[in-house]
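Peer 1: Got a predicted structure plus its sequence, pasted below:
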Amino acid sequence: MKYPKPALSFEQQAQLLINRGLIVENKEILIRHLQMVNYYRLSAYWYPFKKIDPITGQEEFKANTTFETIWNFYSFDRHLRLLIMDAIEKVEVAFLRTRMVEQFSLLHGPFGYTEIKNFSPKFTPENHQRLLDDVNELVSRSKEEFVSRFQTKYYSESKLPLWIVVEIMSFGNLFTFYRYLNRFEQQRLSKLFNLYPPVLESWLHTLNFIRNACAHHSRLWNRVLPIRPQLPDERHNPEWYSQGKIDNRYIFSVLTLLRYLLRFIDTESDWQSKLENLLDEYPNIPVNWMGFPAKWKEIEIWK
């Protein structure tokens, strides 16, 4: 089947939306918004407001759907991504780039990451080499002054110490690093958060996906998560179940795990207040679509 749709100008895109029943007060304002955010990206936000005509098969907007409503959803999602990225940055820097690196370096030395014997037996030589290749590529492309300064001063060293190289590693590299630590090292790190290693690993896996989605400005607010965080068991972490089981398919589970981690990382964080302010600023956003329980503020983690 060949793709039948032609390219449309911004004016034609705006008219198409109007013809399909979108309520627009000013067509020129709609065109300016389409020039700022492309049609296809915005379509993810008007999708819940569309219907298919059973007779003609044509796509139409549900009655009383305004462009203002759709733009409101887009703006909320943008601010939500920025807030989530703020929390992920703190977790990434404090845990992966600091605590994990300190522990590994003290146990195995500055260049211990280059030797596979310092990792879990599950870390295959191929995967370890792939990590080293990624690191070497990042180092070779780096324009950071601290990299060139080290290479100039210690020119006999072919590698960078872990605490330096970690500053140019991606979140994905750091997740791989944690994933293949020896079991007892994972246990020591996960105990910082009163979690078991598989739970923390699954959280990092989810955060890796979320971080990439935020970096590409992708829709998050009502998305069904393709990589879902494992919930702690009720016996050891009852605070997760004070209002029933959280649905890990939606973004509320990610917000909750970030809130949980921040309680250990930054006890003075005002991140929760910023989230509550954002929700207050956009009262028409149906938070149940994000997985928020009716009494989410009564969950122990959010108190």
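Peer 2: Received, thanks. Residues are numbered from 1 along each chain as shown.

Peer 1: residues of the host helix or strand of W203 that come out buried?
Peer 2: Using DSSP states H and E, W203 sits within helix 197-215. Within helix 197-215, the residues scored as buried using 16 or more other CB atoms under 10 Å are 197, 199-211, 213-214. Quick note: C-beta positions are derived from backbone N, CA and C, even for glycine.

Peer 1: Name the nearest residue to the residue positioned nearest the centre of the chain, sequence neighbours excluded.
Peer 2: Closest to where the C-alpha atoms of the chain average out (CA atoms, centre = their mean) is I210, at 1.8 Å. The shortest distance from I210 to any non-neighbouring residue, by CB to CB, 6 or more residues apart in numbering, is to V254 (5.8 Å).

Peer 1: who touches whichever strand or helix holds that neighbour?
Peer 2: Taking DSSP H and E as the criterion, V254 maps to helix 251-265. Here helix 251-265 makes contact (CB atoms under 8 Å, 6 or more residues apart in numbering) with 80, 84, 87-88, 90-91, 94-95, 192-193, 203, 206-207, 210, 220-223, 225, 228-229, 231, 240, 246-247, 269, 271-272, 275, 287, 290-293, 296, 299, 301-302.

Peer 1: Could you report the neighbour count for K143?
Peer 2: Applying other CB atoms under 10 Å, we find 7 residues neighbouring K143.

Peer 1: What helix or strand is it located in?
Peer 2: Using DSSP H and E, K143 falls outside every helix and strand.

Peer 1: tell me the angle of the helix holding V254 relative to helix 197-215?
Peer 2: Interaxial angle of helix 251-265 relative to helix 197-215 (axes from the mean of the first three to the mean of the last three CA atoms, to 10 degrees): 110 degrees.

Peer 1: CA-only coordinates of helix 251-265 in PDB, if you can.
Peer 2: Only the C-alpha atoms of helix 251-265 are listed here, as PDB (Å, rounded to 0.1, in the frame of the first residue of the first chain):
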ATOM      1  CA  ILE A 251       3.800   8.000  34.400                       C
ATOM      2  CA  PHE A 252       2.500   8.300  38.000                       C
ATOM      3  CA  SER A 253       4.600   5.300  38.900                       C
ATOM      4  CA  VAL A 254       7.700   7.100  37.600                       C
ATOM      5  CA  LEU A 255       6.800  10.300  39.500                       C
ATOM      6  CA  THR A 256       6.500   8.200  42.600                       C
ATOM      7  CA  LEU A 257       9.800   6.400  42.300                       C
ATOM      8  CA  LEU A 258      11.500   9.800  41.600                       C
ATOM      9  CA  ARG A 259       9.900  11.200  44.700                       C
ATOM     10  CA  TYR A 260      11.000   8.200  46.700                       C
ATOM     11  CA  LEU A 261      14.600   8.500  45.500                       C
ATOM     12  CA  LEU A 262      14.800  12.200  46.100                       C
ATOM     13  CA  ARG A 263      13.800  11.600  49.800                       C
ATOM     14  CA  PHE A 264      17.200   9.900  50.200                       C
ATOM     15  CA  ILE A 265      19.200  12.100  47.700                       C
END
